[in-house]
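Novice: the sequence and its predicted three-dimensional model are supplied below.
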Amino acid sequence: MRSPEELSALFKAQGLKVTPQRQCIFRVLHGNDAHPTAESVFAAAVAEMPGIALKTVYQTLHDLAEMGEIAVLDLGTGATRFDPNVGSRHHHLVCRRCGKVRDLHVDFGSLSVPEADRQGFSVGSPEIVFRGLCGQCAHTPATVPATLSTATDRSSVTDRSSVTDRSSVTDRSAKE
Ligand SMILES: [Zn+2]
Ligand SMILES: [Zn+2]
């Protein structure tokens, strides 16, 4: 993703509005390697600019994605994640308990699908997701947010005691 200043110029050049709210969202995203959800971008933006609307966050994320400035990822964590790191091809580490996502810069060589196995698909480059437990979760007892209970690996989904954090964000967005 370009710098907030460059993005402002780019938005203007494309006839898109550049408001202080949008610039705030650019700042939240710039250099953000947490692969935030729309809700967490909103939470960070609202801390800086209390009047900002969730709708503005969604619209700005949408515009940035259209322009190829951020990637939209579904990593099976229960919410769409946004990745400002579009400059270098990379893979992801995903914590199956807390949903933490980290960039993984490892070259796995030339993975490809043999012609005979493509079933009519034209296949792009592989994106690899490694699921496991982040350092923090590996050292704490299992408390899995209910929102993650639909993730592919359900083996340790037993406890719903850590949902408070997410539900407060959901409440706020529901009022928009
Ligand atoms: Zn974790
Ligand atoms: Zn990434």
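Specialist: Good, I have the coordinates. Ligands and ions are numbered 1, 2, ... in the order given.

Novice: residues of the chain that sit close to ligand 1?
Specialist: Residues of the chain lying near ligand 1 by C-beta under 5 Å from the ion: 95, 97-98, 100, 134, 137. (Each C-beta comes from the backbone N, C-alpha and C, glycine too.)

Novice: could these go into JSON lines alongside neighbour count and secondary structure?
Specialist: Shown next, in JSON lines, are those (neighbours: other C-beta atoms under 10 Å; DSSP: H, G, I helix; E, B strand; the rest coil):
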{"residue": "Cys95", "neighbour count": "19", "secondary structure": "strand"}
{"residue": "Arg97", "neighbour count": "24", "secondary structure": "coil"}
{"residue": "Cys98", "neighbour count": "19", "secondary structure": "coil"}
{"residue": "Lys100", "neighbour count": "17", "secondary structure": "coil"}
{"residue": "Cys134", "neighbour count": "17", "secondary structure": "coil"}
{"residue": "Cys137", "neighbour count": "19", "secondary structure": "helix"}
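
Novice: of all those residues, which comes closest to ligand 2?
Specialist: Lys100 (11.9 Å; C-beta to the ion).

Novice: grab the nearest non-local neighbour of that closest one.
Specialist: Leaving aside its chain neighbours, Lys100 sits nearest to Cys134 (4.5 Å; criterion: C-beta to C-beta, 6 or more residues apart in numbering).

Novice: report the contact partners of the one you found.
Specialist: Residues in contact with Cys134 (C-beta atoms under 8 Å, 6 or more residues apart in numbering) are 93, 95, 97-98, 100, 102.

Novice: Gly31: which of those is nearest?
Specialist: Among the contacts of Cys134, Arg102 lies closest to Gly31 (C-beta to C-beta), at 14.3 Å.

Novice: helix or strand for the closest residue to the closest one other than its chain neighbours, which one?
Specialist: Leaving aside its sequence neighbours, Arg102 sits nearest to Leu93 (C-beta to C-beta, 6+ apart; 4.5 Å). Assigned by DSSP states H and E, Leu93 falls within strand 91-95.
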